[in-house]
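> Predicted model follows, preceded by the sequence.
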Amino acid sequence: MFKSPFSFEGRIRRLEFGLTWLIYWMLFFFIKVASLAGASFLLLLFIPMIWVMLAQGCKRCHDLGKSGFWQIIPFYFLFMIFQQGDEDANEYGYSPRNSEEMKRMDLESEIQSIGGKAE
């Protein structure tokens with residue numbers, strides 16, 4: 001979980017996306033209160049926070065089999081939180097739920113297709 005929060009590639013599950021939203025809003029309110037108290041330099045932290053939210057939203061869209069641009073639809077984040085992702089591999093990668101097992105199975109089937117034996 002949270003292996004590459006700044007990357008726009010790959011897929012993430014609902015839990016990681018929901019935790020990202022929770023952390024974002026906690027930091028948002030902390031920075032807002034601190035900036036009202038005079039620490040306005042903390043407002044610069046919004047730039048990486050927004051980047052992470054866009055990246056995580058893009059990866060969650062990928063888990064649903066959609067392009068990352070779908071996240072700009074108003075209230076689509078609710079769908080992203082509650083909708084279960086694709087169980088199988090899609091064009092954006094393997095399912096984050098069982099990605100290591102799927103990669104191993106694909107490798108074994110590829111070895112068998114070229115005539116070798118899988119160990």
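Okay, I see it.
> and stretch 50-60, how far out from the chain's middle?
Relative to the centre of its chain, stretch 50-60 is centred 6 Å away, using C-alpha atoms, centre = their mean, to the nearest Å.
> those helices in the protein, which residues are they?
Under the criterion DSSP state H, the chain contains helices at 14-36, 46-63, 76-82, 99-113.
> just for this protein, where's the confidence low?
Low-confidence segments of the chain (pLDDT under 70): 99-107, 115-119.
> One more pass at 90, please.
1-4, 31-46, 77, 86-90, 93-119 (pLDDT under 90).
> ok, back up a step: would you mind finding the most buried of the helices of the chain?
helix 46-63 (a mean of 19; mean count of other C-beta atoms under 10 Å). Backbone N, C-alpha and C define where each C-beta goes, glycine included.
> Dump the C-alpha coordinates for it into CSV.
Taking C-alpha atoms only, helix 46-63 is exported to CSV below (Å, rounded to 0.1, in the frame of the first residue of the first chain):
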residue,chain,number,x,y,z
PHE,A,46,-1.2,22.0,-1.3
ILE,A,47,0.8,21.5,-4.5
PRO,A,48,2.1,18.0,-3.7
MET,A,49,-1.2,17.1,-1.9
ILE,A,50,-3.2,17.9,-5.1
TRP,A,51,-0.7,15.9,-7.2
VAL,A,52,-1.0,12.9,-4.9
MET,A,53,-4.8,13.1,-5.0
LEU,A,54,-4.8,13.2,-8.8
ALA,A,55,-2.3,10.3,-9.1
GLN,A,56,-4.3,8.1,-6.6
GLY,A,57,-7.6,9.0,-8.4
CYS,A,58,-6.0,8.1,-11.7
LYS,A,59,-4.8,4.7,-10.4
ARG,A,60,-8.3,4.0,-8.9
CYS,A,61,-9.9,4.7,-12.2
HIS,A,62,-7.4,2.3,-13.8
ASP,A,63,-8.6,-0.4,-11.3
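> Cheers, nothing more for now.
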